[in-house]
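Engineer: Give the three-dimensional model of this entry:
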Amino acid sequence: MKVTRELDFVIPGALETRTGGYIYDRRMVQGLRTLGWAVNVHELDPGFPHPSADALDEAGRVFERIPSGRPVVIDGLALGGMAALAERFASRLRLIALIHHPLALETGLEPATAERLRRCERRGLAAACRVITTSSSTALALAEHGTSPEHISVVCPGTDPAPLARGTGDHRANLLCVATLTPRKDHALLFSALAVLRDRAWRLNCVGSTVRAPGTADSLRCQIDASGLRDRILLAGEVSDTALSTFYEEADVFVLASQYEGYGMVLSEALARGLPIVATRAGAIPETVPADAGLLVPAGDRGALTAALGRIMDDHRLRARLAQGARRARRRLPSWPESVEQFAAAVGNAGPA
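Structural biologist: Residues are numbered from 1 along each chain as shown. Sure, this is the predicted structure:
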C-alpha cells in the first residue's frame, strides 16, 4: 500500500500494555497503518508521568531524531511529565496531545503531586498545536482549565462487534468488573457494597492487572478475606482475549465503581455484549452508558451503589429492560475504523509547527 502520510507516536512504556488507554493507542497505530500512514512508535521509559532525569534525557534524544515538521502524537501520560521538552520542540514539530483523562484527576494523589501534574499538563497542552481527547467530558474539563476549544478534537474509542452475553443461566447474578486494580477504579467500594448484600445470590469476577498497583491489590485481597467473600469474589488478573470473552459471555451484569473515567472502553464493550450496567456517574461514563441501559450512581457513594446492585439483583424485569437498552445502544457504538478515520482527520487538521 502506498504511504500517504508520516506520523510519530510517543508513549510511555510498552504499546502492548493491556489497559484502555494503551489499547486505544494501539488501535490507532494499527488503523492508521492500514490507511497507509507510516507510523513510528517511540516507547519511552515507563516511569512517566514521573520520569527520572535519564528518562527525560532519552526522551529528548527521541524528539531530536524526528524530522522537522513531522506530526507527533504524545500520549498524555508522557506529556504530563515532559512540559519543558514539549515547549522546546513545539516550534520544530507539530505536537499533538492525546489526553485520555487529566492526570491530576487520578485517585489517591497527594495534593502537591496533583498540582504539579496539573501545571505540567497545562504547559504541555499549551505547546501542542492540536489536542485529541477521547470524550466530550474530558474536552470540557480541558477547556475549563485554559485549552482553547478550537484546538480540541474528540475522537471516541471504537468498539469491536461481539456476541451477546448469555449469562450462566443459574439463580445467581453473575457480576463482571473489567478494570486494573488501582485506587481510581475503587474496587474497595464495590466490595464493601457487595458485602452488605451477602444475603443475595451473586458472584463477582474481577478481570484486570493485579501488579500495576500491588499495594492496592494486596489491600483488596485483605478486604475480601476480612469480609468472608473469598468464595464469591475472584481476582482473575490479566487474562487472554479468549478468556475475557468467556467472562463476558457468562456475565449477567457489568459493574464499575470508578472515581473517574475519561471514557471507559470496558463499558462500551459491555454494551456490545448487551449487558445491563451498574456504574458511577464519574467523568464520561454518562456519555457512554445510556439511561435505559444502566443504573448510574454518584462516585464514592456506597449506599447508592449498594441500592443499585440490590435492585438489579432483585428485579429481574428491571435487569431485562436494561439489557434491552444495552442491545439498542450496541447498534450505535462507533467502530474502530470510524474512530481511526476521525483520528486521522484530527491529525491532518493540526496546524504547522
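Engineer: quick one, phi/psi of R94?
Structural biologist: Here is the backbone geometry of R94 (degrees, to the nearest 10): phi -90, psi 90.
Engineer: any idea how far G325 is from it?
Structural biologist: 42 Å (Cβ to Cβ, to the nearest Å). For every residue, glycine as well, the C-beta is placed using N, CA and C.
Engineer: I96 too?
Structural biologist: For I96, the distance to G325 - Cβ to Cβ - is 36 Å.
Engineer: For the longest helix belonging to the chain, name the packing helices and strands.
Structural biologist: If you go by DSSP state H, the chain has its longest helix at helix 111-127. Counting contacts by 3 or more Cβ pairs under 8 Å, 6 or more residues apart in numbering; DSSP states H and E, helix 111-127 packs against helix 76-79, helix 83-89, strand 94-99.
Engineer: Give me the neighbour count for A213.
Structural biologist: A213: 18 surrounding residues under other Cβ atoms under 10 Å.
Engineer: out of I96 and G325, which sits in the busier spot?
Structural biologist: The neighbour count for I96 versus G325, taken as other Cβ under 10 Å, is higher for I96 (26 against 20).
Engineer: quick one: contacts for that one?
Structural biologist: 71-74, 128-132, 346-347, 350 (Cβ atoms under 8 Å, 6 or more residues apart in numbering).
Engineer: Quick check: bridge partners of it?
Structural biologist: I96 forms beta bridges with V73, R130, as assigned by DSSP bridges.
Engineer: Verify the stated contact: L103 with A78.
Structural biologist: No - at 10.4 Å, L103 does not count as touching A78 under the criterion of Cβ atoms under 8 Å.
Engineer: Now the common contact residues for the two.
Structural biologist: Joint contacts of L103 and A78 (Cβ under 8 Å, 6+ apart) are P49.
Engineer: Which one's more surrounded, these two?
Structural biologist: Neighbours were counted for L103 and for A78 using other Cβ under 10 Å; A78 has more, 27 against 23.
Engineer: quick one: that one from E121, how far?
Structural biologist: For A78, the distance to E121 - Cβ to Cβ - is 11 Å.
Engineer: Also E106?
Structural biologist: Distance from E106 to E121, by Cβ to Cβ: 11 Å.
Engineer: With D199 instead?
Structural biologist: Where E121 is concerned, D199 sits at a distance of 46 Å (Cβ to Cβ).
Engineer: now swap in D231 and tell me
Structural biologist: With Cβ to Cβ as the criterion, D231 and E121 are 43 Å apart.
Engineer: Compare neighbour counts for those two and give me the winner.
Structural biologist: Counted by other Cβ under 10 Å, D231 and E121 do not tie: E121 has more neighbours, with 24 against 8.
Engineer: list the contacts for that one?
Structural biologist: 76, 79-80, 83, 99, 102-104 are the contacts of E121 under Cβ under 8 Å, 6+ apart.
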